[in-house]
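**Student:** Quick one: sequence plus predicted model below, questions after.
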Amino acid sequence: EAKPTTASPPMNHVDFVQPRREFLFDMPVFLQKWVTKTLLRQKDSRNLPIFLVGLNIVLTSVPAAVLLFWLESRQLLSNGMMLALGLLYAVAHLKTYGRSFALALHYITHCSIFNRQFRFLDHIWTTFLGFLFGIPPGLYYPHHVGMHHSEDNVAPHDMSSTMDYKRGSKWNHFKYMVRFVSMGSFELPYRLIQMSKYSLAAQRIIGCSVYWTTMAYMFTQLPLSTFSVMWFPWITLSFSLMQGNFKEHIFVDPEDYENNYKSAFTCINAPSNALTFNTGYHIEHHEEPGLPWFKLPELFLKNIKKHAENDSLTFSGIGSMEVGTLVLNGKFDELADHYINIGQPQRTKEELIAEFKRRLTPVVHSHVATE
């Protein structure tokens, strides 16, 4: 008697089965069902993790921040105690939620998790909670969607482009982050105006003006709490966001830099994908930016032939940030062990490492590359 055959699991099966770990705590089942049925887009429970990240922050970090301001306003603690308590809050807050909030904001900006009737709730993430993470209202959409995805990492209009840099250099990695943190507030509106995106430039200017005015005023009233709740997250997240973008676009083919398959890479079966809303699927995200995060592994399987035809870099068992760290530390041999061939040209390990290094060279395009 013939035994029934079972289909082989997909090559990225881990990303389909590993439990989500972006949020700290869940809701009772009856609330999950109500939120899914009443609020979420297409009544799809796979939108719940982003909702839970916001709910976790509202129930923990928001009350803690309010408490800090109240304690300072009542002068119940010494300045030293307030500063220590504030820094403890800031570190715990960012360690717990910094990464998950930034990526929840990222995906909700691209594709709302709410049905049409409740889409205004997006502003909880895009406008209000950003104050606790150093992200001004009106900043993320103009920068990330209006500029970065519009230009797909191609300079000069994408001010966050990595293509000009020697991307295997820690010094250039640092310069890239400092440039954005120090000049981004001024350069982004200028780039958007150059691209005739005047409404986005205005949105950026108004949002940042409100943000900086609020921070400046609060600092004159309650400096210690304002530093811990607003200034410290701004400094920390600004660097973190840009080091993330640098690593996600650390490999750029100098001969085909406008090709999404050659200006990014994909990481499958990575434990970090369960912490970052599948951010390892960066090629897929650039190919279809409006696709919900939970559909990216499916898109990868659908586009395997395109990966092969375009000679993409695909890694397994390692996340995007880990790839970038290995490159910056020159550990190409270890990185090559995570590379998987899904139809790309066959290469020896030495040839693969040579290809890695070739895709780290600066791309000279209409202006001098950063040395």
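**Tutor:** Thanks, I have the structure now. The structure presented is a predicted model; accordingly, all values stated were derived computationally and were not measured. Numbering: from 1, shown residues only.
**Student:** ok, now how distant is the closest residue to Phe118 other than its chain neighbours from Ile50?
**Tutor:** In space, and not counting its chain neighbours, Phe118 is closest to Leu39: 5.0 Å by C-beta to C-beta, 6 or more residues apart in numbering. Yep, even glycine has a C-beta here, placed from its N, CA and C like the rest. Applying C-beta to C-beta, to the nearest Å, the value for Leu39 to Ile50 is 12 Å.
**Student:** same question, Ala308
**Tutor:** Per C-beta to C-beta, Ala308 is found 32 Å from Ile50.
**Student:** Ile283 now?
**Tutor:** 22 Å.
**Student:** likewise Leu88?
**Tutor:** Taking C-beta to C-beta as the measure, Leu88 falls 27 Å from Ile50.
**Student:** If you count surrounding residues, which of these two has more?
**Tutor:** Legend: neighbour count by other C-beta atoms under 10 Å for Leu88 and Ile50, higher for Ile50 (29 against 13).
**Student:** element containing the closest residue in space to the more buried one that isn't next to it in sequence, please.
**Tutor:** Nearest residue to Ile50, sequence neighbours excluded (C-beta to C-beta, 6+ apart): Ala104, at 4.5 Å. Ala104 belongs to helix 79-110 when assigned by DSSP states H and E.
**Student:** Next: Lys37.
**Tutor:** helix 29-38.
**Student:** The next helix or strand after that helix - contacts with which helices or strands?
**Tutor:** Proceeding N to C from helix 29-38, the next assigned helix or strand is helix 48-59, under DSSP H and E. Counting contacts by 3 or more C-beta pairs under 8 Å, 6 or more residues apart in numbering; DSSP states H and E, helix 48-59 is packed against helix 29-38, helix 79-110.
**Student:** Kindly reformat the ones you listed as TSV containing mean pLDDT and distance to Pro142.
**Tutor:** Shown next, in TSV, are these (pLDDT from 0 to 100; distance: least, C-beta to C-beta, whole Å):
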stretch	mean pLDDT	distance to Pro142
helix 29-38	98	30
helix 79-110	97	10
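**Student:** Tell me which of those helices sits most buried.
**Tutor:** Most buried of those by mean neighbour count (mean count of other C-beta atoms under 10 Å) is helix 79-110; its value is a mean of 19.
**Student:** for it, the distance to its chain's centre please.
**Tutor:** In terms of C-alpha atoms, centre = their mean, to the nearest Å, the centre of helix 79-110 is set 15 Å apart from its chain centre.
**Student:** got it, and stretch 154-165?
**Tutor:** Offset of stretch 154-165 from its chain centre (C-alpha atoms, centre = their mean): 17 Å.
**Student:** what comes into contact with it?
**Tutor:** By C-beta atoms under 8 Å, 6 or more residues apart in numbering, the residues outside stretch 154-165 that reach it are 143, 147-148, 150-153, 172-173, 175-176, 180, 184, 187-188, 191, 194-195, 242, 245-246, 249-250, 252, 257-258, 263, 362-363, 365-367, 369-370.
**Student:** now, which of those lie within helices?
**Tutor:** 150-151, 172-173, 175-176, 180, 184, 187-188, 191, 194, 242, 245-246 (DSSP state H).
**Student:** Including distance to Phe133, could the helices and strands packed on helix 48-59 go into TSV?
**Tutor:** Formatted as TSV, those follow (distance: least, C-beta to C-beta, whole Å):
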stretch	distance to Phe133
helix 29-38	23
helix 79-110	6
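**Student:** Can you say which of those is nearest to Cys267?
**Tutor:** helix 79-110 (14.2 Å; C-beta to C-beta).
**Student:** tilt between the helix holding Ala104 and helix 48-59?
**Tutor:** Interaxial angle, helix 79-110 versus helix 48-59 (axes from the mean of the first three to the mean of the last three C-alpha atoms, to 10 degrees): 150 degrees.
**Student:** need the contact list for Leu352.
**Tutor:** Leu352 sits next to 336, 339 when contact means C-beta under 8 Å, 6+ apart.
**Student:** In the strand or helix carrying it, which residues are buried?
**Tutor:** Per DSSP H and E, Leu352 falls inside helix 349-358. Using 16 or more other C-beta atoms under 10 Å as the test for burial, helix 349-358 gives 352-353, 355-356.
**Student:** go on, stretch 175-192?
**Tutor:** Those would be 176-177, 179-181, 184-185, 188-189, 191-192, for stretch 175-192 by 16+ other C-beta under 10 Å.
**Student:** Pick out whichever of these sits closest to Pro136.
**Tutor:** Using C-beta to C-beta, Ser185 is the member of the buried residues of stretch 175-192 that sits closest to Pro136, with 8.6 Å.
**Student:** In contact with the nearest residue in space to that closest one that is not next to it in sequence: list those residues for me.
**Tutor:** Excluding its sequence neighbours, the residue lying closest to Ser185 (C-beta to C-beta, 6+ apart) is Cys208, at 5.8 Å. Residues near Cys208 by C-beta under 8 Å, 6+ apart: 136, 138-139, 185.
**Student:** Report the two of those separated the most.
**Tutor:** For these, the farthest-apart pair by C-beta to C-beta is Gly138 and Ser185; their separation is 11.8 Å.
**Student:** by contact count, what packs against the helix or strand hosting Val323?
**Tutor:** Here Val323, judged by DSSP H and E, is contained in helix 320-328. On a contact count with 3+ C-beta pairs under 8 Å, 6+ apart, helix 320-328 meets helix 232-248, helix 332-336.
**Student:** Just the mean pLDDT for the longest one, thanks.
**Tutor:** Yep, that's helix 232-248 we're talking about. Mean pLDDT, helix 232-248: 96.
**Student:** now swap in the shortest one and tell me
**Tutor:** Here helix 332-336 scores 98 as its mean pLDDT.
**Student:** wait, is Asp276 part of a strand?
**Tutor:** That one is not Asp; residue 276 is Thr. No - counting by DSSP: H, G, I helix; E, B strand; the rest coil, Thr276 is not found in a strand; it is coil.
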